[in-house]
Structure formats: structure tokens, C-alpha cells
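Chemist: sequence-free structure coming up:
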Ligand SMILES: *Cc1c(COP(=O)(O)O)cnc(C)c1O
């Protein structure tokens, strides 16, 4: 194994499996068949996995479109050499920054004529591809389905604007008791599509199905799907056949013991300690706290793994550190590996275990993983690259084919 620890600028890191992300993309494409476009949602820094590395991995899968949410993340992709078509979801301040969409060849989602005008003017002689958002029942952004065709008529006056996609967002595809609501949303969307087609406009990408929608409702896949959480290996619904074989993209979340010491006379942490302090204790401090996304709930019965043992958290969670109760692990030493999420010895802490204790959903957890945590990227089963904050270094060792 490569020794990547010399590239870590903080002793708390995530191990991310790019092969799992590629597998999930291929599995979703296999599930929907070759005629349907899979547009991965890599918004929110690819749900915390790191937008540049994820986009690079997906380019090797020949992805057709990428969906981002924040303009500077999309610009970052271009500055890092990502060539794939990139669309941005609805909700950006397009009138103010239209020139950036043109300069970086990004496809905006436009939901007002003033946005269309701004993009058209900034583009000059160039043709700009745009997406339209359709509100069908999510109660959020987008053009009301019944008003879509009128909007498209107005867009047609702008000769350098090409509508390549129209999409909506299902509210509750994972609630079997709400099937009729999903059906209502879908029918509204299809009605709007038909009205637009009657104007002679036929966008290539028509999509309402997100991760759960695309898995639970094969009849609602239209010409495209937009998976977010299933790209990272999770879905919150019963799998239907043929079920995609999704693999978690986060292999592990690890830390190291920075300090090990005995408390004097059980006086440690009085007032904020989560464990009973009626005895002398051995405590350890690991890197990683609230700043990194560790929930305050981790103090309530939470534990980590050290030397193959379950180690309880000893106090409330600090900003950058967590204090552990090492009393039953006297052999622990400074520098020992700490597993927050993942396997060690006979134990495994899964993301679902952790979320049950932290009272969070998986997507909520993923997007709370801060830039403060270095990401170690695995490909072909090996660590290949470490990204700390915005900087990145290739891991180069003798014999690596990734030299230079
Ligand atoms: C985030 C997002 C998705 C992906 O949602 P998941 O539930 O994570 O699959 C799909 N469509 C739109 C419009 C989104 O904003």
C-alpha cells in the first residue's frame, strides 16, 4: 500500500472509492438501458465527495451531462480541465453573471425571460444551450407546468438559445403511500412536455426521476434520469428488479490519536463530560470535531474503533477534536488509527449506524463533510491521490504508472 499519510495536512481523513462511483454510474445506466441519459447530480461538492475528482472519474465513463448547483463549483471543474457538458440547476443569479456561463461554456437553467435575455446578450454570436425547470408539485423553484409552453414561445424569439433539457423534481418517490402524488406530478410534467412539443420544440433531456424515482418508478424515466445519492451508493427505498448493485463511495472516515493521558483523580472534564467520572480515566484525543462534520450526538453513546475495540466518546464534541475514553484500551498509543466510519478488526461502523445515532439522513451527512477533511482517493483498489482543501498532489512512488 502507498503511504499516503505524508500528504495529509490533517490527521482526519476520508477514504473515497472512485471505482465505487464509476460502478454506481454504470449500474444505473445498465438499469435504465442505453437509450436513457444518466446525468449525475454532482452538486454540493459532489455531495461532499469532491467535485473535481468525481467529475474526472465520470469522464472516464463517458458521461453525457453533469449537473452542478453552484457556479463557482462548475467553474472549478472547467479550470481543472473537465470538458463534459455541465448544466447548472435552477436558482442562480444569472442576470448578474451571465458572462461566466458563456466564458466557461456552462448550460444554465433559465426560469425567467430576463435570464434568457441576459444569457442571449452575453453569448453574442454563440448559441447557448439551456435547461428549463418545471414545477409540478415540489413547491419549489421552476415554471409552473401549465405555463411552460407560453414561456417556451417567448424563448423562441431568442435565436441563439437552444432548449436542450426540461426537468422537474419528484417530491416523494420513496413513499409508497404517495404513489398517486408522484403520478400527479408526472402527469403534469408530461402534459407540459406535450404542449411544448406541439410548438415543434423537442428537447433531448426530459427528466423527473431522481435516485429513488429512477429506481422505484421505471415507468417515469422519460429520456433521462438525474441520480444524486445513488451515485454515492445509497438509496432509501426498497430496490426493485433489476436492482442496481450500488457500492458506498466512502470506504472509511479515519483519524489518529493525537494525545493519550491519565486523568488525575477523576477530575477530567467536570461539567461537560458525557461519561461518568467516578474513577481515574485514561483519555485520548483524536483529530476531528464539529468543524469536520462530527455531530454533537456523537457524544451520546457514540464510539469509534481503535485497535479493534469499541472506544466510547468521553465528552461533548469540540470544534476540532473529540475526547475518547481509553480506560478499557490501555494499549492505545499516540498515532493509533481511529475509525469513525468503516471497519477495523471484527467491527464495522456503517453510515446507517452512524446516521441512526446522529439523527441525520445520509445526504444531510454527506453535504456536511467539510473541506477541512483531506480526501484520499482510491482507484483500482489503491490510494492514488490526496486532496487537502483545494490543493492536490499526486501520490508518486517508484513503480507507479501515475508518475510526473
Ligand atoms: C439534487 C437533485 C437531484 C438528485 O436527487 P437525489 O435524490 O439525490 O437523487 C435530482 N434532480 C434535481 C433537480 C436535484 O436538485
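Modeler: The structure has been received and is ready for your questions. No experiment lies behind these values; they were computed from the predicted model shown. Numbering: from 1, shown residues only.
Chemist: Now do the contacts for whichever residue of the stretch 1-150 of the chain sits closest to the ligand.
Modeler: In the stretch 1-150 of the chain, the residue found nearest to the ligand is residue 41; the distance is 4.0 Å by Cβ to the nearest ligand atom. Backbone N, C-alpha and C define where each C-beta goes, glycine included. Counting by Cβ atoms under 8 Å, 6 or more residues apart in numbering, residue 41 touches 67, 69, 89, 210, 226, 227, 228, 231.
Chemist: and if we set it to 10 Å?
Modeler: Contacts for residue 41 were tallied using Cβ atoms under 10 Å, 6 or more residues apart in numbering; they are 47, 66-69, 87, 89, 210-211, 225-231.
Chemist: Do you know the pLDDT at it?
Modeler: Listed pLDDT for residue 41 reads 98.
Chemist: Contacts only, for the residue lying closest to it once chain neighbours are set aside.
Modeler: Counting by Cβ to Cβ, 6 or more residues apart in numbering, residue 228 is the residue found nearest to residue 41 once chain neighbours are left out, at 3.8 Å. Neighbouring residues of residue 228 by Cβ under 10 Å, 6+ apart: 40-44, 46-47, 67, 210-212, 234, 363, 366.
Chemist: could you dump the residues you listed to JSON lines with secondary structure and distance to residue 10?
Modeler: Shown next, in JSON lines, are these (DSSP: H, G, I helix; E, B strand; the rest coil; distance: Cβ to Cβ, whole Å):
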{"residue": "40", "secondary structure": "coil", "distance to residue 10": "28"}
{"residue": "41", "secondary structure": "strand", "distance to residue 10": "28"}
{"residue": "42", "secondary structure": "coil", "distance to residue 10": "24"}
{"residue": "43", "secondary structure": "helix", "distance to residue 10": "25"}
{"residue": "44", "secondary structure": "helix", "distance to residue 10": "21"}
{"residue": "46", "secondary structure": "helix", "distance to residue 10": "20"}
{"residue": "47", "secondary structure": "helix", "distance to residue 10": "21"}
{"residue": "67", "secondary structure": "strand", "distance to residue 10": "30"}
{"residue": "210", "secondary structure": "coil", "distance to residue 10": "33"}
{"residue": "211", "secondary structure": "helix", "distance to residue 10": "31"}
{"residue": "212", "secondary structure": "helix", "distance to residue 10": "34"}
{"residue": "234", "secondary structure": "coil", "distance to residue 10": "26"}
{"residue": "363", "secondary structure": "helix", "distance to residue 10": "24"}
{"residue": "366", "secondary structure": "helix", "distance to residue 10": "19"}
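Chemist: SS state for residue 328?
Modeler: coil (DSSP: H, G, I helix; E, B strand; the rest coil).
Chemist: So for it, what's the nearest residue that isn't a sequence neighbour?
Modeler: Once flanking residues are discounted, residue 328 sits nearest to residue 309: 6.9 Å by Cβ to Cβ, 6+ apart.
Chemist: repeat for residue 229
Modeler: residue 211 (4.8 Å).
Chemist: The one you found against residue 173, yeah?
Modeler: Yes: at 8.5 Å, residue 211 and residue 173 qualify as touching, with contact defined as Cβ atoms under 10 Å.
Chemist: any common contacting residues for the two?
Modeler: Joint contacts of residue 211 and residue 173 (Cβ under 10 Å, 6+ apart) are 236, 237.
Chemist: Alongside the ligand, which residues does the stretch 201-350 of the chain contribute?
Modeler: 210, 211, 226, 227, 228, 229 (Cβ under 6 Å from any ligand atom).
Chemist: okay, and for the stretch 1-150 of the chain, where does confidence drop off?
Modeler: Residues of the stretch 1-150 of the chain that meet the criterion pLDDT under 70 lie in 1-2.
Chemist: quick one, helices of it?
Modeler: 18-32, 43-47, 51-60, 71-79, 94-103, 113-123, 148-155 (DSSP state H, counting those that start in this stretch).
Chemist: most packed of those helices?
Modeler: Between the helices of the stretch 1-150 of the chain, helix 43-47 has the highest mean count of neighbours, a mean of 22, where neighbours are mean count of other Cβ atoms under 10 Å.
Chemist: show me where the stretch 201-350 of the chain has helices.
Modeler: Remark: helices assigned in the stretch 201-350 of the chain by DSSP H, counting those that start in this stretch are 211-216.
Chemist: need the strands for it, in chain order.
Modeler: Remark: strands assigned in the stretch 201-350 of the chain by DSSP state E, counting those that start in this stretch are 205-207, 224-225, 250-262, 282-287, 303-306, 309-312, 321-325, 337-344, 347-349.
Chemist: Format those strands as CSV; extra columns: mean neighbour count and mean pLDDT.
Modeler: Listed next are the strands of the stretch 201-350 of the chain as CSV, based on neighbours: other Cβ atoms under 10 Å; pLDDT from 0 to 100:
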stretch, mean neighbour count, mean pLDDT
strand 205-207, 24, 98
strand 224-225, 26, 98
strand 250-262, 19, 95
strand 282-287, 22, 94
strand 303-306, 24, 98
strand 309-312, 18, 96
strand 321-325, 24, 93
strand 337-344, 20, 98
strand 347-349, 16, 97
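Chemist: close enough to count as contact, residue 146 and residue 194?
Modeler: No: at 12.0 Å, residue 146 does not count as touching residue 194 under the criterion of Cβ under 10 Å.
Chemist: Quick check: the residue in the stretch 251-400 of the chain that the ligand sits nearest to vs residue 9, distance?
Modeler: Nearest to the ligand, among the residues of the stretch 251-400 of the chain, is residue 363, at 5.9 Å (Cβ to the nearest ligand atom). Distance from residue 363 to residue 9, counting by Cβ to Cβ, to the nearest Å: 27 Å.
Chemist: Same check on residue 67?
Modeler: Taken as Cβ to Cβ, the span from residue 67 to residue 9 is 30 Å.
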